[in-house]
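> Sequence plus predicted model, see below.
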Amino acid sequence: MEIRKIPANKTWSLRHEVMWPHKDMEYVKLENDNDGIHYGLFIKNKLISVISLFIKENQAQFRKFATRTAKQGRGYGSKLLNYIIEESKSLGLEKIWCNAREDKVDFYKKFGLIESTNSFNRGKIKYIIMERTLVIE
């Protein structure tokens, strides 16, 4: 298993497959993708999981976190999320946050993220903003 930085365009196919398979490919591309730091988790050079990190001032937002459906539940996404949390700490950032799909809130709680009072809907999906203060060790 290897985690490494990848170009934004290498995330798009997996984002599309996992998150929005019934939408056009353009739907998974972010306007500010070129401003992000994108990570991939690979097994034998096959891309298994992706996540994108966007840094602004002393905070990082992670977005478009996706793991191949057939590989979910095996800890790959957890390894990738732990990696970017540690990466954010090493950059001296104070907070990491995300817009979590409502059905994924419990997953993010396992990583120390807490629900904020802010939420929104995108189509029929409810999102809750979750965040974690990073303690630099």
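Nice, thanks for sending it over. Because the structure is predicted, anything quoted here is derived from the model rather than measured. Numbers count the residues shown, from 1 in each chain.
> Surely residue 63 is in contact with residue 54?
Yes: between residue 63 and residue 54 a contact is recorded at 6.5 Å, counting by C-beta atoms under 8 Å. The way it works is simple: take the backbone N, C-alpha and C, and place the C-beta from them, glycine included.
> shared neighbours of these two, which are they?
residue 36 (C-beta atoms under 8 Å, 6 or more residues apart in numbering).
> which stretches of this protein have low pLDDT?
For the chain, residues meeting the criterion pLDDT under 70 lie at 136-137.
> what ranges do the strands span in it?
Listed in chain order, the strands found in the chain under DSSP state E are 2-6, 37-43, 46-56, 59-67, 95-101, 114-122, 125-133.
> quick one, which of those is packed in tightest?
Mean neighbour counts were taken over those using mean count of other C-beta atoms under 10 Å, and the top value, a mean of 21, falls to strand 59-67.
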